[in-house]
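J.: got a predicted structure here, sequence first:
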Amino acid sequence: MWDELILAALRARENAYAPYSNYLVGAALLAEDGEIVTGCNVENASYGAACCAERTAVFKAVSEGKRSFRAIAVAGGPDGREPTGYAFPCGICRQVLNEFAGPEFTVIVAKSVSDYREYSLEELLPNSFGGEAIK
Ligand code: THU
């Protein structure tokens, strides 16, 4: 069911720029309109300037006019081999996803198209802080 999205994440991972951590991450975000927007991690010699794959995908999509999403697939692992573990979104990426995700939003962490786990964002970010709190 998630084959296309996972494949897109695995392909995006090939573009990861991670010469400092050598940890390559790809993400593929499925927009409500059915389009897939991908991202990879982009590191920097000034380490704090790095951007995670998930946020790259979200910021690309929002900058293209998309604001509602159904799911994201994430694949990550050390350079030089296929992912051997599930790469969960970091806390900042969970918060960024929460800004644009509805209650049905699904997070898929994948090693391959046939080996993945599926979560709701609510499971990964319970009792989240969102815009309604500051209205
Ligand atoms: N990274 C991601 O791309 N996504 C995450 O959710 C966690 C971490 C990246 C950031 C950095 O380039 C590398 O993985 C090692 O932390």
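T.: Perfect, I can see it now.
J.: so who does the nearest residue to residue 111 once chain neighbours are set aside touch?
T.: Spatially, and ignoring its direct neighbours in sequence, residue 111 is nearest to residue 83 (4.7 Å; C-beta to C-beta, 6 or more residues apart in numbering). Heads up, the C-betas are built off the backbone N, CA and C, glycines and all. Residues near residue 83 by C-beta atoms under 8 Å, 6 or more residues apart in numbering: 13, 75, 76, 77, 110, 111, 112.
J.: helix or strand right after the helix or strand the fourth one falls within?
T.: Using DSSP states H and E, the element containing residue 77 is strand 69-78. Once the chain leaves strand 69-78, the next helix or strand it forms, by DSSP H and E, is helix 91-100.
J.: mind listing residues that contact that following helix?
T.: 52, 54-55, 58, 62, 67-69, 72, 89, 105, 107, 121, 124-125, 128-131.
J.: what pLDDT, on average, does it get?
T.: For helix 91-100, mean pLDDT rounds to 98.
J.: what strands flank the helix or strand just after that helix, and is each parallel or antiparallel?
T.: Sequence-wise, the next helix or strand beyond helix 91-100 is strand 101-112, with elements assigned using DSSP H and E. Strand 101-112 sits in its sheet next to strand 69-78 (parallel), strand 115-120 (antiparallel), going by DSSP bridges.
J.: okay, now residue 39: neighbour count?
T.: By other C-beta atoms under 10 Å, 28 other residues sit near residue 39.
J.: so how far does stretch 90-106 reach from one end to the other?
T.: 15 Å (C-alpha to C-alpha, to the nearest Å).
J.: gap between that stretch and the chain center?
T.: Per C-alpha atoms, centre = their mean, to the nearest Å, the displacement of stretch 90-106 from the mean C-alpha position of its chain is 9 Å.
J.: swap in stretch 64-78?
T.: Worked out by C-alpha atoms, centre = their mean, stretch 64-78 lies 4 Å from the chain centre.
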